[in-house]
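> here is a sequence together with a model predicted from it:
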Amino acid sequence: MNIPEEMRAQANQSPEDVDLSMFDVGAARIEELESALIKPLKWTEPRKGHIYIPYDHVIAETPMGNFEITWKSWKSHANYDINHSYFDYIGSCYSLEEAKSAAQQYHNNMITSCLQSPEVV
């Protein structure tokens, strides 16, 4: 077997001396990887208001509760309000796409806040 000289040299080092810099991807990369592992929210088509949700809305169902984005379509400058079935009002945006993106980020943060950071021993 042909083992590169660099690997052979590291094999003879104590664990404290092994260079782990190739595994140091930084916080931004870790956040990117975590977000890539989380499924995107699946939204319904826009619906008109009814007795249970009086405003126009879209819904994304998750195992951790539903996200609802509601707006008053009859207003010329409608706000898109984001609500969660367990956490109530989350925030408001000026477009439906912004609101969906904000809900996704909130969802990602809920999940990643439950994870432990990996520690290098």
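Sure, I can see it.
> state the mean pLDDT of stretch 84-94.
Mean pLDDT, computed over stretch 84-94, is 93.
> which strand residues bridge the closest residue to residue 48 other than its chain neighbours?
Using C-beta to C-beta, 6 or more residues apart in numbering and skipping the chain neighbours, the partner closest in space to residue 48 is residue 56 (5.9 Å). The C-beta positions use only the backbone N, C-alpha and C, and glycine is treated the same way. Beta-bridge pairing for residue 56 (DSSP bridges): residue 71.
> quick check, residue 56 in contact with residue 73.
Yes: with contact defined as C-beta atoms under 8 Å, residue 56 reaches residue 73; the gap is 4.6 Å.
> please say which of these two ends up with more neighbours.
A side-by-side neighbour count of residue 56 and residue 73, using other C-beta atoms under 10 Å, places residue 56 first with 18 against 12.
> ok, the more buried one - contacts?
46-49, 70-73 (C-beta atoms under 8 Å, 6 or more residues apart in numbering).
> please apply the same query to residue 69.
Contacts of residue 69 by C-beta under 8 Å, 6+ apart are 43, 57-58, 80-83, 96, 99-100, 103.
> please apply the same query to residue 107.
Listed by C-beta under 8 Å, 6+ apart, the contact partners of residue 107 are 38, 41, 62, 64, 67.
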